[in-house]
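1. This is a predicted model, with the sequence first.
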Amino acid sequence: MSVFQHPDYDSHEKLVFHHDASSGLKAIIAIHNTNLGCALGGCRMWPYASDDEAITDVLRLSRGMTYKAAITGLNLGGGKAVIIGDPLRDKTPQRLKAMGRLVESLHGEYVTAEDVGIGEQDVAMMSTETRYATGFEHVAGVSGDPSPYTAYGVFRGIEQAARFQLGWDTLAGIRVAIQGVGKVGYELARLLSAAGARVYAADIFTDNLKKAVADLGVIPVLPEDILRQPAEVFSPCAMGAVINETGLRELAAPVVAGSANNQLSTAEDGQRLQAAGILYVPDYVINAGGLIDVYYQYFGADRQEVLRHIDEMAAKTLPEIFQRSKVTGAATSDVADELARSRFMGSTQAHTDAA
């Protein structure tokens, strides 16, 4: 299949395939849209079953970054990178440095950061070969990990969703089922537990789940049962496409609010959630805290500004999306897309008019 005919191709500006024979690196970088600025997005390492699966992921993820940047008000475009390989077996300094050289070869069109399978120290290794990396420790003892800010944004988003959908002004006693307790899911579980929520968690990686149970007292659930868990909020914090026709039949919670990217398998799934009376908090809005953090890291702003920006997103943007959806009957995912497009496509129109 031609890339231009791929179902997830969405007028992407650039798709770069790279193989570094000396290190064994196989990677793809997708730049979706740069109307508002350079493309910024994480680098993911995953043992994709096929090249087509990797292409699908990078196309969807990069598009999501464009919408995320636009709706947050950041002057950024959307991009993403994927490395094909198992991060537990195939990650080497040579491959990470080769990835850094690939990013450098784009001369600032794309700025990279961490994502699934790629951590802060991995990005630091890439940065030895490129100027275009962020989200890692620049100053001794000061972490650049954006995960806590992603989790904080999801926490604030759950507060807003609980208020709008359930009429709850507090998270004390609320039941939240978290799918995936890696770095973001674990931090979200910590914040929720501290707020008095009752947290259920599942993870395909047993060590992650054991840590969350031991440290936070979350209630462990089998991965195949997490969607069916009787809870007020289902919080997907692992891989995407968990909301699909099969998942919708199992979903028990009246709110879906989590950190995973591309939670909807198709656009129609957002409409199905709306028809079922389930409030979906659009993923690229609620999980934007990490992008906001790495943006301010890259451009050198104060970290207090990160928290202020995330709080403003939760207090203003999410209620606007919820209310517009309620009034128009449109899915929250469609409302969010419309708001985001009005900004990054509006920029294109402004440039055209000026010309």
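-> Received the coordinates, thanks.
2. the helices in the stretch 201-350 of the chain, which residues?
-> For the stretch 201-350 of the chain, the helices defined by DSSP state H, counting those that start in this stretch occupy 206-216, 245-250, 267-275, 283-286, 289-299, 303-312, 318-328, 332-354.
3. Please apply the same query to the stretch 51-200 of the chain.
-> For the stretch 51-200 of the chain, applying DSSP H, counting those that start in this stretch gives helices covering 51-72, 93-104, 120-126, 147-161, 183-194.
4. Take those and write them to a markdown table, including distance to residue 335.
-> C-beta here means a position set from N, CA and C on the backbone, and glycine is covered the same way. Below are the helices of the stretch 51-200 of the chain laid out as a markdown table (distance: least, Cβ to Cβ, whole Å):
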| stretch | distance to residue 335 |
| --- | --- |
| helix 51-72 | 10 |
| helix 93-104 | 34 |
| helix 120-126 | 33 |
| helix 147-161 | 14 |
| helix 183-194 | 24 |
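5. Residue 234: which of those helices is closest?
-> Proximity to residue 234 (Cβ to Cβ) singles out helix 147-161 among the helices of the stretch 51-200 of the chain, at 10.6 Å.
6. State the mean pLDDT of that closest one.
-> Averaging pLDDT along helix 147-161 yields 97.
7. How about residues contacting it?
-> With contact meaning Cβ atoms under 8 Å, 6 or more residues apart in numbering, helix 147-161 is reached by 171, 176, 183-188, 190-192, 195, 233, 235, 237, 255, 257-259, 279, 281, 285-290, 292-293, 306-307, 310-311, 313-315, 318-319, 322.
8. again, 7 Å this time
-> 171, 176, 183-184, 187-188, 191-192, 233, 235, 255, 257-259, 279, 281, 286-290, 292-293, 306, 310-311, 313-314, 318-319 (Cβ atoms under 7 Å, 6 or more residues apart in numbering).
9. likewise stretch 283-303?
-> Outside stretch 283-303, the residues that touch it by Cβ under 7 Å, 6+ apart are 40, 64, 67-69, 71-72, 74, 76, 111, 113, 134-135, 144, 146-147, 149-150, 152-154, 157, 257, 259-263, 305-306, 309-310, 313, 317-318, 321, 336.
10. for the record, mean pLDDT for it?
-> Mean per-residue pLDDT for stretch 283-303: 89.
11. so what are the domain limits for the protein?
-> Using automatic domain parsing, the domain parsing of the chain gives 10-59+76-126, 147-340.
12. returning to that earlier point: any idea which of the helices of the stretch 51-200 of the chain is most buried?
-> Neighbour counts (mean count of other Cβ atoms under 10 Å) averaged over each of the helices of the stretch 51-200 of the chain peak at helix 147-161, with a mean of 25.
13. State the distance from residue 220 to residue 198.
-> Using Cβ to Cβ, to the nearest Å, residue 220 is found at 13 Å from residue 198.
14. Can you tell me which of the helices of the stretch 201-350 of the chain is most buried?
-> Of all these, helix 283-286 has the most neighbours on average by mean count of other Cβ under 10 Å, namely a mean of 27.
15. can you give me how far it is from the chain middle?
-> Relative to its chain's centre, helix 283-286 lies at 7 Å (Cα atoms, centre = their mean, to the nearest Å).
16. ditto for stretch 63-79
-> Mean C-alpha position of stretch 63-79 versus that of the full chain (Cα atoms, centre = their mean) differs by 11 Å.
17. Endpoints of it, how far apart?
-> End-to-end distance for stretch 63-79, by Cα to Cα, to the nearest Å: 7 Å.
18. For that stretch, the averaged confidence score.
-> 95.
19. quick one, phi psi at residue 11?
-> Dihedral pair for residue 11: phi 60, psi 40, per degrees, to the nearest 10.
20. which non-adjacent residue is nearest it?
-> What sits nearest to residue 11 in space, not counting adjacent residues and going by Cβ to Cβ, 6 or more residues apart in numbering, is residue 33, at 7.6 Å.
21. Could I get the contacting residues of the one you found?
-> Contacts of residue 33 by Cβ under 7 Å, 6+ apart are 13, 66, 77-78, 344.
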